[in-house]
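K.L.:
heads up, no residue letters with this:
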């Protein structure tokens, strides 16, 4: 029989955390700092709104773009919070999580052989999505000495005549780095000068602890060449509902919408209702969660530095990204051994692209009690395993 | 009163056992600042006391608690204040509120047995001047107290890793 698996599917690497995942499932009392999702349940008023809509028979397809009231609410929210204006009827698609938004964004703009530059360390999906779309992923490293921000000179080095787009994600998974207006301005000059498209994944935008989030789309001259991706998973603790949105200039949005129509049809109807309730009456609850993440960040990062894992104070998202260099172990060794010996699950930075080496991604979206216990176990691990 | 004060209050309301050092890290203040702010909040009687929320049903202490509604004739010049003051002096009265609606005062009363509570109401509360009517509701089960959900199920299993 022939080998039916496509070359494209073959060349994308398997997830680097698969073996850890399997190992963790065999263990008891694991404290997992490996999950990139809030530990809070979705605020109950959002669930109620959704349950009511199901009771009322709201279980059908929605318009491809998503329900009108949600698009209008997103449009108003983006304008009032970040100062960016998008027409809800022509420049927006509600997607099945930011994951789908990312996929259709990349597919809408990538031709075979196009180079797409990806700021790393990063979320694991960017590179495979580019490959699957026939493009060539080109990493650009965000350095620890720059507090993991993307710098214009580094970006310049990654460009070639084939470069078509740049993908960034700030606040960043996994480093927690944030790019302010000035940082983005420096990048925007390069993007505009080289006639590039910017794909900005801002799903952690509301989890910004210092000042307010600066959206890349709000930087002068960028909106016309930007695809803005955002969603409800992180800010509203709605990971399982799969609701995100893509905003882009009309011609790009039309292309993304075509793909969305064929592959997804629409985002889940009941999730869209919950998301709308989140925008209408979820602000207080969201702020409460953000405040709690900040408290946990302070506790956890202080703990990491105290036990000898140097870690800068992340300004956004809910990840700490400590260095394990001083322990003499590689991040992969550290993560695997820590899981086996102390039953604490973290993600080795190497699997998150360039610049991730010798670091661990620790999601502090777990209870304070578990964070304290994790620090205790990690301290014990370092005391017994450092070289 | 600023954002840091509000955060301190929220953290202490949830867990009054947090140390000064822990609070300092959590709120991004120095230990000394935490000390001063908490002292000021105590001084202003915003922080009333440091207490513990106990699920007495789970402690199987056999105690009984009741909500008692009182219809009261208010007093000229004093309204409900003097009678509320008298009622609040009873140790059995755990909380006391003036409310809008069909009755006036709401008491939360505890006792060792149902008879205890009944006796307390009939012997002390009902005969008081100005109390027109009482209605006693024995608490059968507490689902939530002071923001603590007593009956919440453990959240569903989360996956150990995700990208």
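P.N.:
Now that the structure is in, tell me what you want to look at. Not measured: the values here are computed from a predicted model. Residues are numbered from 1 along each chain as shown, chains lettered A, B, ... in the order given.
K.L.:
how about the residue in the stretch 51-200 of chain A that chain B sits nearest to, what does it touch?
P.N.:
With C-beta to the nearest C-beta, the shortest gap between the stretch 51-200 of chain A and chain B falls at residue A:124, namely 4.2 Å. From N, CA and C alone the C-beta is placed, and that goes for glycine too. By C-beta atoms under 8 Å, 6 or more residues apart in numbering or on different chains, the residues touching residue A:124 are A:15, A:16, A:351, A:352, B:163.
K.L.:
Doesn't residue B:45 belong to a strand?
P.N.:
No: Residue B:45 sits outside any strand when classified using DSSP: H, G, I helix; E, B strand; the rest coil, being coil.
K.L.:
Quick one: neighbours of it, just the number.
P.N.:
Around residue B:45 there are 7 other residues, counting by other C-beta atoms under 10 Å in any protein chain shown.
K.L.:
Equivalent analysis for residue B:28, please.
P.N.:
The local packing of residue B:28 (other C-beta under 10 Å) involves 15 other residues.
K.L.:
my guess is it meets residue A:297, correct?
P.N.:
No: with contacts defined as C-beta atoms under 8 Å, residue B:28 does not count as touching residue A:297, sitting 9.9 Å away.
K.L.:
From residue A:101, how far out is the residue of the stretch 51-200 of chain A closest to chain B?
P.N.:
Applying C-beta to C-beta, to the nearest Å, the value for residue A:124 to residue A:101 is 16 Å.
K.L.:
What of residue B:132?
P.N.:
Summarising the geometry, the distance separating residue B:132 from residue A:101, computed by C-beta to C-beta, is 64 Å.
K.L.:
helix, strand or coil for residue B:49?
P.N.:
coil.
K.L.:
Give me the pLDDT for it.
P.N.:
Per-residue confidence at residue B:49 stands at 92 (pLDDT).
K.L.:
same thing with residue A:19?
P.N.:
The predicted local confidence for residue A:19 comes out at a pLDDT of 78.
K.L.:
Report the contact partners of it.
P.N.:
Going by C-beta under 8 Å, 6+ apart, the list of residues near residue A:19 is empty.
K.L.:
so how far is the helix or strand containing it from its chain's centroid?
P.N.:
Following DSSP states H and E, the helix or strand that holds residue A:19 is helix A:18-25. Computed by C-alpha atoms, centre = their mean, to the nearest Å, the chain-centroid distance of helix A:18-25 equals 22 Å.
K.L.:
Could you do stretch A:8-20 as well?
P.N.:
Remark: stretch A:8-20 is offset 19 Å from the chain centroid, using C-alpha atoms, centre = their mean.
K.L.:
just to revisit the earlier point, and the residue of the stretch 51-200 of chain A closest to chain B, what's its pLDDT?
P.N.:
We note a pLDDT of 92 for residue A:124 in this prediction.
K.L.:
now the strands for the chain?
P.N.:
Assuming you mean chain A. In chain order, chain A shows strands spanning A:31-32, A:92-95, A:115-120, A:136-141, A:163-168, A:197-201, A:226-231, A:244-247, A:319-320, A:344-345, A:347-348, A:360-363, with DSSP state E as the criterion.
K.L.:
that's the other chain; I wanted chain B
P.N.:
Using DSSP E, strands in chain B cover B:64-72, B:93-98, B:105-111, B:131-138, B:144-145, B:148-149.
K.L.:
So which residues make contact with the second one?
P.N.:
Spelled out, that is strand B:93-98. Judged by C-beta under 8 Å, 6+ apart, the contacts made with strand B:93-98 from elsewhere in the structure are B:65, B:80, B:84, B:87, B:88, B:104, B:105, B:106, B:107, B:108, B:109, B:110.
K.L.:
okay, the angle between it and strand B:105-111?
P.N.:
170 degrees (axes from the mean of the first three to the mean of the last three C-alpha atoms, to 10 degrees).
K.L.:
where in chain B is pLDDT low?
P.N.:
Filtered on pLDDT under 70, chain B yields the residue ranges B:60-62, B:154-156, B:163.
K.L.:
For it, which segments count as helices?
P.N.:
Taking DSSP state H as the test, the helices found in chain B are B:3-14, B:20-27, B:31-43, B:81-88, B:114-119.
K.L.:
re the thing from before, mean neighbour count and distance to residue B:6 added to the strands of chain B, as a markdown table?
P.N.:
What follows is these, written out as a markdown table (neighbours: other C-beta atoms under 10 Å in any protein chain shown; distance: least, C-beta to C-beta, whole Å):
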| stretch | mean neighbour count | distance to residue B:6 |
| --- | --- | --- |
| strand B:64-72 | 19 | 30 |
| strand B:93-98 | 14 | 23 |
| strand B:105-111 | 19 | 27 |
| strand B:131-138 | 14 | 34 |
| strand B:144-145 | 11 | 22 |
| strand B:148-149 | 10 | 20 |
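K.L.:
Let me have those in CSV, adding distance to residue A:182 as columns.
P.N.:
Written out in CSV, the entries for these read as follows (distance: least, C-beta to C-beta, whole Å):
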stretch, distance to residue A:182
strand B:64-72, 58
strand B:93-98, 53
strand B:105-111, 56
strand B:131-138, 62
strand B:144-145, 47
strand B:148-149, 45
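K.L.:
got the residues of chain A near chain B?
P.N.:
A:15, A:17, A:20-21, A:24-25, A:30, A:32, A:34-37, A:39, A:41, A:123-125, A:291, A:295, A:298-299, A:302, A:345, A:347 (C-beta under 8 Å from any C-beta of the partner chain).
K.L.:
how is chain B carved up into domains?
P.N.:
Chain B breaks down into these domains under automatic domain parsing: B:3-43, B:64-140.
K.L.:
near chain A at all, the first one?
P.N.:
Think domain B:3-43. Yes: looking at domain B:3-43 against chain A by C-beta under 8 Å from any C-beta, the contacts come from B:7, B:10, B:11, B:22, B:25, B:26, B:27, B:28.
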